[in-house]
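1. Would you be able to build a 3D model of this:
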Amino acid sequence: MFFWEERPRATRGPKAALTLDQIADAAIAVADAEGLAAVSMQRVAAELGFTKMSLYRYLPGKTELVALMLERAIGVPPALDAAGWREALTAWAEALLRRYEAHRWALEATTGGRPIGPHELAWMESALAVLPPGLSGAERMDAVAVLAGQVRMIAGQAGTAESELAATIELVLREHAERFPALAAAVADAAERGGRDQAFGFGVGRILDGIEVLLRAR
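-> Numbering: from 1, shown residues only. You can find the predicted model right below:
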């Protein structure tokens, strides 16, 4: 039985008092407020007014609990009704970024070996379905992985805007611009012509450009 499936009700004994959604929501509330490290079977059980052991009737352990949290927090992907594949994949990346921004702990929850649920697979399915023909199966998977990697990278930098980083850099360049001439030139140009805080869109656009060039070459 998969972690996201409700356990069958026992024919004898007390009826189940919780649902997997209730458990996931309680755990998500803890993680949103205090981070993923604060989540434990004991803590979530206490939040729900139950004992730690009672939670094991629903989930084998914390690994499955975190996977369930991710399923609930990330949810299903949006419908991609854009006219072209580039627009659809851009909308996909933007939607995924918003989900990560809403639940900062989700980045940590998606690293390493772990169970994967149907919602996460649905996000992959959604992106793969709108990629144009001409790529091999491995290339299609890699294209989605690279695009998701751009989303994860930007989400991991949340709270530190490019303009804030530039301001810090400029403080150093005022005294040491000669040591970093290329950096000084780029910062000066950005200050004059604008274009800061666009790393997400720039990265997504260049990834899609690369896919388009590859397809045209074939």
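
2. pLDDT at Thr160, what is it?
-> Thr160 is assigned a pLDDT of 59 by the prediction.

3. and the helix or strand bottoming out on mean pLDDT in the chain, how far out from the chain's middle?
-> Least confident helix or strand of the chain, by mean pLDDT, DSSP states H and E, is helix 162-176 with a mean of 79. Distance of helix 162-176 from its chain centroid, counting by C-alpha atoms, centre = their mean, to the nearest Å, is 29 Å.

4. what about the spatially most central residue of the chain, is that helix, strand or coil?
-> Here the mean C-alpha position of the chain is nearest to the C-alpha of Tyr100 (C-alpha atoms, centre = their mean), at a distance of 4.3 Å. Under DSSP: H, G, I helix; E, B strand; the rest coil, Tyr100 falls in the helix class.

5. State the distance from the nearest residue to it once chain neighbours are set aside to Glu87.
-> By the measure of C-beta to C-beta, 6 or more residues apart in numbering, the closest residue to Tyr100 outside its immediate chain neighbours is Ala155, 3.8 Å from it. C-beta: built from backbone N, CA, C; applies to glycine. To Glu87, Ala155 is 21 Å away according to C-beta to C-beta, to the nearest Å.

6. higher neighbour count, the two?
-> With other C-beta atoms under 10 Å as the criterion, Ala155 and Glu87 differ in neighbour count, and Ala155 comes out ahead with 19 against 14.

7. Do I have it right that Glu71 meets Leu121?
-> No. No contact is recorded between Glu71 and Leu121 when judged using C-beta atoms under 8 Å, the distance being 10.1 Å.

8. who has more neighbours, these two?
-> Summary of the neighbour comparison: Glu71 and Leu121, criterion other C-beta under 10 Å, with Glu71 having more neighbours (22 against 10).

9. any idea how far the helix or strand that one falls within is from the chain center?
-> In this assignment (DSSP states H and E), Glu71 forms part of helix 62-74. Using C-alpha atoms, centre = their mean, we find the averaged C-alpha position of helix 62-74 to lie 13 Å away from the chain's own average C-alpha position.

10. Now that helix: buried residues?
-> Using 16 or more other C-beta atoms under 10 Å as the burial criterion, the residues of helix 62-74 that qualify are 62, 64-74.
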